[in-house]
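*Asks:* Sequence plus predicted model, see below.
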Amino acid sequence: MTVAICPGSYDPITMGHIDIIERASNLYDRIIVAVATQPRKETLFSIEDRVKFILNYFKKNDCIIVESFDTLLVKFAKKYKAKIIIKGLRAVTDFETEFQMAQLNHELDPSLETIFMMASPKYAYLSSSAIKEIAQYGGNVKDLVPQEIEKELMAKFV
Ligand code: PNS
């Protein structure tokens, strides 16, 4: 069984993330969506909410597991016997940080490979930060996040 990890802050998950996770689930037997607790980063949604949104979205998909983690990613990967980290790449601006993280993770555990998937063009501009900013100023985020999150965002910024 090939297990792959899709790690992120998911604050909140966007249709861009979902696109990558679904495409990855067509390639590997099991996908672990690893939600980083991020204790040093201020997040809009609590770790419980970030996990809940993803669980609710993928509840009908048995091969997608959702878990929070507050350790090194390589440690979390070992726990699940995962050998692959999946990351989405939107533009060259993502490359530098992603390249650094892939190198560090490989240094920490050489048995782990990071595989990059290109964002689908319609989501190439999408990020959780942009979603939060649009919602904050009353813009429309329908079709950019699951419906449940759209409602929660509206409630946060009334
Ligand atoms: O969605 P993000 O914020 O780009 O995700 C970044 C994340 C959570 C994947 C990354 O910060 C991470 O792996 N954190 C866990 C701690 C860790 O392993 N750090 C060393 C590798 S850079």
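*Replies:* Ah, there it is. Numbering: from 1, shown residues only.
*Asks:* Contact residues of this protein facing the ligand?
*Replies:* With C-beta under 6 Å from any ligand atom as the criterion, the chain meets the ligand at residues P7, G8, S9, A36, L72, L73, M101, L104, N105. Bear in mind the C-beta positions are built from the backbone N, C-alpha and C, glycine included.
*Asks:* So which of those are in strands?
*Replies:* P7, G8, A36 (DSSP state E).
*Asks:* who does the second one bridge with?
*Replies:* When bridges are assigned using DSSP bridges, the partners listed for G8 are V35.
*Asks:* For it, grab the count of nearby residues.
*Replies:* Using other C-beta atoms under 10 Å, G8 is surrounded by 21 other residues.
*Asks:* can you check L144 too?
*Replies:* Neighbours around L144, by other C-beta under 10 Å: 21.
*Asks:* Now the element after the longest helix along the chain, going C-ward?
*Replies:* If you go by DSSP state H, the chain has its longest helix at helix 92-108. Once the chain leaves helix 92-108, the next helix or strand it forms, by DSSP states H and E, is strand 113-118.
*Asks:* Which elements pack onto that next one?
*Replies:* Applying 3 or more C-beta pairs under 8 Å, 6 or more residues apart in numbering; DSSP states H and E, one finds that strand 113-118 makes contact with helix 15-25, strand 84-89, helix 92-108.
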